[in-house]
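Participant: Sequence first, predicted model second:
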Amino acid sequence: MLIELSKLDADKGSFTHVYEQNELDLADERIRLAGPVSVIGRVKRSGAEVLIDGKVDTVIEVDCDRCLKVIEMPVDAQFSVEYLSKHDYEAGQAAEIGEDEMGVSVFEGDSIDVDEIVREQILLFVPARAICTENCKGICSACGTDLNVNDCGCVTEEVDPRWAALKNFKKN
């Protein structure tokens, strides 16, 4: 979805859009959209700066990192992104960039693509390790049984290979 800055005054700066599941590419095979993505926001222009505030609502599916069970996670993310035109950004390159300007994004032309903001908000919402429950036991590394459902009975005696030679020492 493109926001055309030349039409900003006519639209009063607010926008809504609903992405269908196949309309937005998340560029991450671990994450799947479980429903439509709803975006509501406002655009404010102040001189060379453009500020976009909004909210993303959807449901995503990820696999548990321990047992591979599908987990549905509701996404309710608020965002605020500040943009500066490429021309104005390059004109300010001679000046030292301050700490408050580190989060500024750059746009080219007369429009800003909201798809990238929405994609970023969804990806930022996903935890580094997705776990279905805190006490998830995972799957057996020997036979592949889901240990949350059944106990497989496999003997999992792991011996550090550096100490393997001493394993039989006590028996003699």
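Facilitator: Received, thanks. If you're wondering where the values come from, they're calculated on a predicted model, not measured in any experiment.
Participant: C-alpha from now on. contacts and neighbour counts both.
Facilitator: OK.
Participant: Just give the nearest non-adjacent residue to residue 154, would you?
Facilitator: Leaving out its chain neighbours, the residue that sits closest to residue 154 by Cα to Cα, 6 or more residues apart in numbering is residue 142, at 7.1 Å.
Participant: Find me the pLDDT at that neighbour, would you?
Facilitator: Residue 142 carries a pLDDT value of 84.
Participant: The chain should start at 626 in everything you say after this.
Facilitator: In the new count, where the first residue is 626, that last one comes out as residue 767.
Participant: what kind of secondary structure is it in?
Facilitator: coil (DSSP: H, G, I helix; E, B strand; the rest coil).
Participant: Just confirm it contacts residue 782, I think it does.
Facilitator: No: using Cα atoms under 8 Å, residue 767 is not in contact with residue 782, being 11.0 Å away.
Participant: Let me see the backbone angles for the spatially most central residue of the chain.
Facilitator: By Cα atoms, centre = their mean, the chain has its centre lying nearest to residue 748, at 1.0 Å. Here the main-chain torsion angles of residue 748 (degrees, to the nearest 10) amount to phi -70, psi -40.
Participant: List the residues that contact it.
Facilitator: residue 651 (Cα atoms under 8 Å, 6 or more residues apart in numbering).
Participant: Quickly find the element holding residue 628.
Facilitator: In this assignment (DSSP states H and E), residue 628 forms part of strand 627-629.
Participant: That strand pairs with which strands, parallel or anti?
Facilitator: With DSSP bridges as the test, strand 627-629 is paired with strand 736-738 (antiparallel).
Participant: Name the residues of the partner strand that are buried.
Facilitator: Buried residues in strand 736-738, defined by neighbour count with 16 or more other Cα atoms under 10 Å: residue 737.
Participant: Domain map for this structure?
Facilitator: Following automatic domain parsing, one gets these domains for the chain: 627-750, 762-797.
Participant: which one of those domains is the most hemmed in?
Facilitator: domain 627-750 (a mean of 15; mean count of other Cα atoms under 10 Å).
Participant: That domain - what's its average pLDDT?
Facilitator: Mean predicted confidence for domain 627-750 is 81.
Participant: Now do it: distance from first to last residue.
Facilitator: 23 Å (Cα to Cα, to the nearest Å).
Participant: ditto for stretch 665-683
Facilitator: End-to-end distance for stretch 665-683: 12 Å, by Cα to Cα.
Participant: Please name whichever of the domains of the chain is nearest to residue 756.
Facilitator: Closest to residue 756 of these is domain 627-750 (Cα to Cα; 4.8 Å).
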